[in-house]
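K.L.:
pasted the sequence and its predicted model underneath.
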Amino acid sequence: MSSIAIIGAGQAGMQLADSLRRGGFEGSVILYGDEGSLPYQRPPLSKQFLLGDLEASRLNFRPIAHYEKLAVTLRLDCAVTQVDLQTRTLAMANGEQAAFDRLAFTTGARVRKLALPGAEDPRVCYLRGITDAQAIRERLATARRVVIIGGGFIGLEVAAVARTLGKEVTVLEAQTRLMPRVVAPVVSAYFEAVHNQRGVRFLLGESLTALAPTSSALGLTTASATYLEADLVVVGIGVHPNLELAAAAGLPCEGGIVVNEFACTRDPTVVAAGDCTWQRNILFERPHRLESVQNAVDQAKVAAASLLEKPVAYSQVPWFWSDQYDVKLQMVGISTGFEAAIVRGNPETGAFSVFYYLGERVLAVDSINRPAEHMAARRLLASGGLLAKELAADPAADLKTIIEKN
Amino acid sequence: MPKITYVDLDGAKFECEVANGLSVMEGAIANMVPGILAICGGSCACSTCHAYIDEAWSAQVGAANDIEDATLDLANERRPQSRLTCQIQVTPTLDGLVVHVAKND
């Protein structure tokens, strides 16, 4: 009987363990985590949990009894520090060693940190894990002025929560528009207006150049010499994939642990899934890294299938979401390289979609408070993305029916 | 605590006490009811907590909102009784509720 070690007890790790058992694997499965907690959901950390609407216990995906029933061994306070693929052993921070036959990296990512003097101040917070969210929640209780560095999903979701709690909120974004890496200018502008209407102040095209902590506040200076004070700074400027363990084990790494469409690394008995991977998906020409729930789940299923020697190529269309106030942004596909952005509906009504085209093909669709269009778009992209631009632009055209007929 | 009966695909009944305020999905997960997967964790994004509300309970439970209605389009074998259990909050009026787990694989 063989054994499988899964390093990383986040969404991908949990899904992998689950899929191995559902696929009939009867050997030992050990899930290693270093946060001391059962696998839990991260998306609510910057939303309902931060707002105080959700208790920590409700973040867990499954009760401990579920893992017992599945006979998955949990080592949740056990950082793996070294992997030896020749001897098939791994070493833990506490000095223990364990043998494995097959291995999965679901090591996730960690936040990029500010590289400025003063940034170690405890009032400068990051958001990745539950302890981070708890720290921000505690500080939000007494903070009056909140400055957020980074106008991406995390920054804007935290801004929405802080504003809802009545805080004075300023967001600094180095680019000249919000969520610049992922959405079209029309979507950026819409979200800027949404936050503005609720009293968030934006400093766009601005970066932080100095941080001066005093006992009463954090003094912040921007590149254009604007000075502001904060009681709490939340930094959301992206992540680094946790690839070092795999790299040290000799596995190729680029913008993550390199895997093929079967979630296999160069060693076919070693898979990787989730935020830590640099992957190929048969739908896309270029390799990429995805930081999302959908990818963690779908790639983990692919990885499990490979470990079970019933390989299935990863072909899922990526999708993402973000909740800010009562606005739901749902995205499907990857818009990189688009030539035209066709707006369907009127952004001023607070409900519209944007179709990103390359030639005649839709690459991606962002939907704002348009869940039915998002779901139709998922179908559209899964079936090749061919939709006449006139139909995309016409809110009266019934997308669902058109796409089903295609 | 309200009692909820989950009937799985094989017809097995799971009678569970679920605290008010939790979702019907959370009640199923806590009690390890087979077939309620809830892959997205209750964000109304994946449809893998799909169940059919017992007809006797339709009116009490009510209808899906726009987002849930759209997400249900992803579900297998959608029927008039279909709901995503992550979107139904347990309240005292749902004491005795019966739901039938859908095919969520």
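P.N.:
Here it is on my side, so go on.
K.L.:
now whichever residue of the stretch 251-400 of chain A sits closest to chain B: how far from B:Ser43?
P.N.:
The minimum distance from the stretch 251-400 of chain A to chain B, using Cβ to the nearest Cβ, falls at A:Pro371 (3.6 Å). Bear in mind the C-beta positions are built from the backbone N, C-alpha and C, glycine included. The spacing between A:Pro371 and B:Ser43, counted by Cβ to Cβ, to the nearest Å, is 12 Å.
K.L.:
check contacts around the residue nearest to the spatial centre of chain B.
P.N.:
Geometric centre of chain B, nearest residue: B:Thr85, 2.8 Å, by Cα atoms, centre = their mean. Neighbour list for B:Thr85: B:23-25, B:28, B:36, B:38, B:49-51, B:99 [criterion: Cβ atoms under 8 Å, 6 or more residues apart in numbering or on different chains].
K.L.:
before we move on, the earlier item: list phi and psi for the residue of the stretch 251-400 of chain A closest to chain B.
P.N.:
phi -60, psi -40 (degrees, to the nearest 10).
K.L.:
quick check: pLDDT value at it.
P.N.:
The per-residue pLDDT reported for A:Pro371 equals 92.
K.L.:
about what we covered before: okay, A:Pro371 and B:Ser43: which has more neighbours?
P.N.:
A:Pro371 (22 against 19; other Cβ atoms under 10 Å in any protein chain shown).
K.L.:
which ones are touching the more buried one?
P.N.:
By Cβ under 8 Å, 6+ apart, the contact set of A:Pro371 is A:328, A:330, B:66-67, B:69-71.
K.L.:
helices of the chain, residue ranges please.
P.N.:
By default, I'm working from chain A. Taking DSSP state H to define them, one finds helices in chain A at A:11-22, A:48-51, A:64-70, A:130-142, A:153-164, A:185-197, A:244-248, A:293-307, A:371-382, A:389-393, A:399-405.
K.L.:
chain B was what I was after
P.N.:
Listed in chain order, the helices of chain B (DSSP H) span B:24-30, B:58-61, B:66-72.
K.L.:
pull the distance from the first one to the chain's centre.
P.N.:
From the chain centre to the centre of helix B:24-30 is a distance of 8 Å (Cα atoms, centre = their mean, to the nearest Å).
K.L.:
pick the most buried one from the helices of chain B.
P.N.:
Highest mean neighbour count among the helices of chain B (mean count of other Cβ atoms under 10 Å in any protein chain shown): helix B:24-30, with a mean of 25.
K.L.:
C-alpha coordinates for it, CSV please?
P.N.:
Coordinates of each C-alpha in helix B:24-30 appear next as CSV, following Å, rounded to 0.1, in the frame of the first residue of the first chain:
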residue,chain,number,x,y,z
VAL,B,24,-28.9,24.3,5.6
MET,B,25,-25.6,23.5,3.8
GLU,B,26,-23.6,24.0,7.0
GLY,B,27,-25.9,21.7,8.8
ALA,B,28,-25.3,19.0,6.2
ILE,B,29,-21.5,19.5,6.3
ALA,B,30,-21.4,19.4,10.1
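K.L.:
quick one: closest of the helices of chain B to A:Met92.
P.N.:
Minimum separation from A:Met92 across the helices of chain B (Cβ to Cβ) falls at helix B:24-30, 29.5 Å.
K.L.:
what packs against that closest one?
P.N.:
Applying 3 or more Cβ pairs under 8 Å, 6 or more residues apart in numbering or on different chains; DSSP states H and E, one finds that helix B:24-30 contacts strand B:3-7, strand B:13-17.
K.L.:
let's see it at 10 Å
P.N.:
helix A:64-70, strand B:3-7, strand B:13-17, strand B:50-53, strand B:82-84, strand B:98-101 (3 or more Cβ pairs under 10 Å, 6 or more residues apart in numbering or on different chains; DSSP states H and E).
K.L.:
quick check: closest non-adjacent residue to A:Ala313.
P.N.:
Spatial nearest neighbour of A:Ala313, excluding adjacent residues (Cβ to Cβ, 6 or more residues apart in numbering or on different chains): A:Glu261 at 4.4 Å.
K.L.:
now do that neighbour, the pLDDT please.
P.N.:
A:Glu261 is assigned a predicted lDDT (pLDDT) of 96.
K.L.:
what does the one 4 residues further on give?
P.N.:
Here the pLDDT value assigned to A:Thr265 is 98.
K.L.:
so in the chain, where's the weakest helix or strand by average pLDDT?
P.N.:
Since no chain was named, I'll use chain A. Least confident element among the helices and strands of chain A, by mean pLDDT, DSSP states H and E: helix A:399-405 (a mean of 86).
K.L.:
wrong one, I was asking about chain B
P.N.:
helix B:66-72 (a mean of 92).
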